[in-house]
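J.: predicted model follows, preceded by the sequence.
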Amino acid sequence: MITRKNDEIISKNPIVVKHRRHLASGFLLPCPWKRTLMISTPKSHHERTHRRVSVASIKTERILTAYRTAKASGCSKSHPSRTQALQVAKRFASAIGLKAAKIALIDQLFAFTKAVDWSDIGIDPVVWPSNELLARRLGIKISTLKYHLAGLVDVGLICYSDHPTYQRRGRRGEDGHIVEAYGINLSPIAARYRELLDLADAAEFEARQCKVLSYRRTSLRRSIAAIVEAARRELGSLNETWNLLLARRDRLRERRAQGSPELIEVVGALEALRIEASELLEALYQSRDANTVLVKFRPLQTTAETLDSESRSELRNCSDANRISEAGDIGAKAFEENPSEAAALIEQGRRPVGRDDDIVCVSLPLLRSAFLQLSEMVPEVFSHWAVFRSSGGLLCRLCHVNP
């Protein structure tokens, strides 16, 4: 009981003075010695409990309603088993780019179903695990689990069969069939089974085609690089034409293609560029071959005397000669036919076999262009004639020829 004296003592308390000052200015503070009734407007209860509705959820509900009607009338052709539904759901999720966490969540949801749930005509395959249980099994937070569940709803793989109190509950009969269930409904997978299967197949075909085109693109890039390198070795330094070709190749390499149509376009451009580079290299080799000096010579007989057999033998042994051009890349060999042997062959009615008087010399650049792959594998062999002659065994082994 508060008397007048006590009221005077309390009124002198600075806390009470502060409380009365704020109360007079319109603020309501809690009273330190007695309970104060706080009046506020609570938030709407219905505003907090309504489930979020999206365009995807409305579309899924429409598909599910049509599927239930067709299933009840026996007109539905989509009756996947539990294994088939799980496989197509995971393939579709992977095809549209869902992360591993959502695919693992699909596995966990199917772990709570039974095979009989997918064959029962009158009951949808509904599971009712709590968010806490699912989050613990996946090793994530409950808020993260809700985010992944919302993602599966957005892509149309699951929906909700809500209890009036939004609780997940259910019970099965003695035979294992679902009697009553409220929770996460997996029947959209069964309703869209054919659609999901076609989408997954199309996505896998697109992925395979993109892989083949990507390999082809890489192969063309390397082929163009090899042609440019061959031109650099031939020219010493690339001219403006080859530099422009390299710039075009670099622009195509920096292009990030999305999907098979763009990859086909890039591969086509690379193929055209490779053909152009090959023609340039072929023209370069032809111009080098045209500039090759042809050395022709005829051995001279230094005496008009009749040579005996010994002298003729020495002359045949010494008649082989090599002549090197100014570049050091050209040589030829010629020899004099034995006159007596040729006359003997004519007397016998046979034509003497001999070499032409004029011998065309083969240049090292011509050999390098003829053996392009060998020149890329062992370029040092074609640097000088002496090295080329001493590397005969190596070249035979590389060409799979028995020396």
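T.: Done, it's in.
J.: tell me where the protein has strands.
T.: Assigned by DSSP state E, the strands in the chain fall at 126-127, 159-161, 169-172, 178-185.
J.: which helices and strands does the last one pack with?
T.: Read it as strand 178-185. With contacts defined as 3 or more CB pairs under 8 Å, 6 or more residues apart in numbering; DSSP states H and E, the packing partners of strand 178-185 are strand 126-127, strand 159-161, strand 169-172. C-betas here are computed from N, CA, C, even on glycine.
J.: possible to save those strands as TSV with mean pLDDT, distance to residue 266 and mean neighbour count?
T.: Shown next, in TSV, are the helices and strands packed on strand 178-185 (pLDDT from 0 to 100; distance: least, CB to CB, whole Å; neighbours: other CB atoms under 10 Å):
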stretch	mean pLDDT	distance to residue 266	mean neighbour count
strand 126-127	93	46	23
strand 159-161	90	42	19
strand 169-172	90	54	13
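J.: would you format the strands of the chain as a markdown table with distance to residue 366 included?
T.: Below are those laid out as a markdown table (distance: least, CB to CB, whole Å):
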| stretch | distance to residue 366 |
| --- | --- |
| strand 126-127 | 78 |
| strand 159-161 | 76 |
| strand 169-172 | 85 |
| strand 178-185 | 77 |
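J.: for residue 141, find the nearest of these.
T.: Closest to residue 141 of those is strand 178-185 (CB to CB; 18.2 Å).
J.: what lines up beside the closest one in the sheet?
T.: Here strand 178-185 is paired, per DSSP bridges, with strand 126-127 (antiparallel), strand 159-161 (antiparallel), strand 169-172 (antiparallel).
J.: want to throw these into TSV with distance to residue 55?
T.: As requested, the strands paired with strand 178-185 are exported to TSV (distance: least, CB to CB, whole Å):
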stretch	distance to residue 55
strand 126-127	23
strand 159-161	13
strand 169-172	28
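J.: closest to residue 184 out of those strands?
T.: Between the strands paired with strand 178-185, strand 126-127 lies closest to residue 184; by CB to CB that is 5.2 Å.
J.: low-scoring stretches of the protein, by residue?
T.: Where the chain drops to pLDDT under 70, the residues are 1-49, 75-78, 289-362, 400-403.
J.: may I ask you to name the longest helix in it?
T.: Selection of the longest helix in the chain by residue count, based on DSSP state H, yields helix 193-235.
J.: sorry, back to before: among the strands paired with strand 178-185, which is nearest residue 248?
T.: Nearest to residue 248, of all the strands paired with strand 178-185, is strand 159-161, at 52.5 Å by CB to CB.
J.: which strands and helices sit next to the longest helix of the chain?
T.: Using 3+ CB pairs under 8 Å, 6+ apart, helix 193-235 is in contact with helix 82-95, helix 240-254, helix 260-290, helix 372-377.
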